[in-house]
Structures are given as C-alpha cells and as structure tokens.
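1. Pasted the sequence and its predicted model underneath.
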Amino acid sequence: MTRKSMLLFLLVSAVAGVMTFLGSVLGHFARHLYTGAIIGGIAGVVVATRIAVSRRILGPKRMWPANVGGVLGLILAAEIATRNMSTPVIPLASILLIGLGAIFGAASRHGKSIAD
C-alpha cells in the first residue's frame, strides 16, 4: 500500500466515522437513528474524498469511484455493525471498511497511482 493510499484510508475512515456518529446522534432526535447514520456516513465519504482531492492525495478523476467504493463500504459496515451490537469492538472496526471501500473504488480505474 502506498503512502497516498494509506492517507486516503485514514482520512476516509476517520471523517466518515465521525460523520456517521454525528448523523446517528442527530437522527436519534428525529427518531431515525439508522437513517441519520447512513446519511451522515455518505456525507462523510463525500467530504473526505473532496479533502483528499484538494490535498492532492487523490486524483480528481478518481473522486467519484472512491465515493462509490466508500459508500459500498459504508453499507457493508452498517450491515455488520447492526448485526453485532453485543460488543463495541466489531462496530468500531467495521468503520475501517469504509476506508477500504474508498481505496478499492479509487484503484478501480486503470492506472498505477490513486493520485492520477
């Protein structure tokens, strides 16, 4: 894994994780906890990939594939987290799937670097 891939992974995982938490808190007040978490997570993926493009971690042509991969990772993470709520470790670890999804999405375009 290259340095830029690792930075993208950490950035998307952190931003989307925080936004997912904030979305679930706001959604709780509206009695839509899971909907708020998903909307917050999607917003977090989009914000994180835009930050990555502005910091030249991610190439502009790879932003949308990274968004799609991150959202797919978010859906998988949400599914795993909701089925394993008995321990806090699995839902927290599932946040890492969002970053992995973004990396796989960004790498899906042909090329050797995600910065292209």
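-> Nice, thanks for sending it over.
2. Spatially central residue for this structure, please.
-> Nearest to the mean C-alpha position of the chain, by Cα atoms, centre = their mean, lies residue 98 at 3.5 Å.
3. quick one: the strand or helix carrying that one to chain centroid distance?
-> Per DSSP states H and E: residue 98 is located in helix 96-107. Distance of helix 96-107 from its chain centroid, counting by Cα atoms, centre = their mean, to the nearest Å, is 7 Å.
4. Give the other helices and strands that that helix contacts.
-> helix 3-29, helix 33-54, helix 63-83 (3 or more Cβ pairs under 8 Å, 6 or more residues apart in numbering; DSSP states H and E). All C-beta atoms are positioned from the backbone trio N, CA, C, and that covers glycine.
5. For the first one, what does the pLDDT average out to?
-> When you say that, I think you mean helix 3-29. Helix 3-29 comes out with an average pLDDT of 95.
6. got the buried residues for that helix?
-> In terms of neighbour count (16 or more other Cβ atoms under 10 Å), helix 3-29 has its buried residues at 4-5, 8-9, 11-13, 15-24, 27.
7. likewise the shortest one?
-> By neighbour count, and taking 16+ other Cβ under 10 Å as the criterion, the buried residues in helix 63-83 are 63, 65-75, 77-78, 81.
8. Nothing else from me, thank you.
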